Each structure stands twice: as C-alpha cells, then as structure tokens.
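Student: got a predicted structure plus its sequence, pasted below:
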Amino acid sequence: MKKGMRRLVATLLVAAAVLPAGVAMAENNENDVRNTWEIQYDSMHPCIFNDRHISNDTIHIYQKMGQRGTISWYRGLTVTDNHGTLTDDDKVTRNSDAWGAGPSVMGRYEHELTGKLYGGVDATGTLMFYNKAFPAGGRAYGFMWRTGPRLTWKSGEKDSFSVGYTIMHCSNGMKSRNPGYNGNGFTVAWSHQF
C-alpha cells in the first residue's frame, strides 16, 4: 500500500472513532437534520494547466447543519493526499507531494428526479493546511474549491448513495507564491441519518 494511501486509511479510522462522539453531541430536532452525516471520497486528476501534474485522493466528512427547501448546508473536515509535479517556466520540474487537512463547508441543491433518484449540484469551500509548502513554491496553506453535479439514490429513510463529477481549483489567494492548480474527477458518497 502506498504511503499516501496508508495516511488516508489511518485518517479514516480516526474519523470513524470520532464520528460517534460527534453524533452523540448533535442536537435533536424533529427532522433529525443534524444527525445526518456524509462521507465522500474523490480522486482528482490535473486539468487545464499544462505545467501542473498534480493529482489527489481526498476524503470529506460532513455533518448536515440545516435545510431550506431544496438547499442543504453542511460543515465538515477534509483530508487530502496530493502527489505529482509542477514545471517552472517550462524548465525546472519540482516535486509537489504533500498531505493536508482543514475545515470545510458545503452547499447542495437537490431535486427529486423520479422515485428514489435525486439530481443535484454541490459547491464546497475548504481552508487547507499542508505538511509543507504546496504546491512547490507555494505556501503551507490554501483553499480548495469544488463544484459539480451529483446523482443520489435514497435507498431508505436513513441511507443514500451518490456519485458525482467534480471540478476543483486549489490556490492560496495571494499575489505571490501562489502556484494554483485545477483538477477534475469522480466522487462517491454515503450518507446516513443516525
């Protein structure tokens, strides 16, 4: 197993240990909105920039905070393992392997298509902190923005499974030392109401 995947598995195990405590603290209301948790996994691959060859495997853990009509709001934690290179001025190739974690928020529009099948669009924003300057030549923090369509199958009252296509942009928002990059890929998720 690759070192990066071992870190992701270890993080997922820690999250699984912490999750029941978070559920126990969640407030009860008549809709049990705050007792709904979702785990997402996505694998992103480079796109748009020819000199950014950075991929990442990412786990997102979200708690549903509320819902108004067809819009839901979530808060959570994102953990990512990044690997690849970037090229400066078409000359120097620099290693850009790093891992990071940070708080995240998500908004979701969702609409019933038929029966148990729903269509929607997610938009997320995450403040990431990395174990080193990332990408190479950047800073040890940055923002991860993600958006894309999602199909959700609500298999019962408490569980749903979904798959989506996601476009991602990462950068630190500064004028200097900001080698941002883009990615796209598929995401899968499981949601459960405790």
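Tutor: That came through, no problem. Numbers count the residues shown, from 1 in each chain.

Student: pLDDT wise, what is the closest residue to M144 other than its chain neighbours at?
Tutor: Counting by C-beta to C-beta, 6 or more residues apart in numbering, M144 lies nearest to T126, which is 4.2 Å off, once chain neighbours are set aside. Just so you know, the C-beta spots here come from the backbone N, C-alpha and C atoms, and that holds for glycine as well. You'll see T126 listed with a pLDDT of 98.

Student: now T126: how far from A133?
Tutor: To A133, T126 is 18 Å away according to C-beta to C-beta, to the nearest Å.

Student: for the residue nearest to the spatial centre of the chain, give me the pLDDT.
Tutor: What sits nearest the mean C-alpha location of the chain, by C-alpha atoms, centre = their mean, is H60, with 4.4 Å. At H60, the pLDDT value in this model is 98.

Student: touching, it and S104? I think so.
Tutor: Yes - contact criterion C-beta atoms under 8 Å: H60 and S104 qualify, at 6.2 Å.

Student: joint contacts of the two?
Tutor: By C-beta atoms under 8 Å, 6 or more residues apart in numbering, H60 and S104 have these common neighbours: 76-78, 124.

Student: what residues are up against the residue nearest to M144?
Tutor: T126 neighbours (C-beta under 8 Å, 6+ apart): 78, 102-105, 143-146.

Student: buried ones in the helix or strand where it lies?
Tutor: For T126, the enclosing helix or strand under DSSP states H and E is strand 117-134. Across strand 117-134, burial judged by 16 or more other C-beta atoms under 10 Å covers 118, 120, 122, 124, 126, 128, 130, 133-134.

Student: test for you: state the pLDDT assigned to the residue of the chain positioned farthest from its centre.
Tutor: Going by C-alpha atoms, centre = their mean, the residue of the chain most distant from its centre is K91, 32.0 Å out. Here the pLDDT value assigned to K91 is 73.
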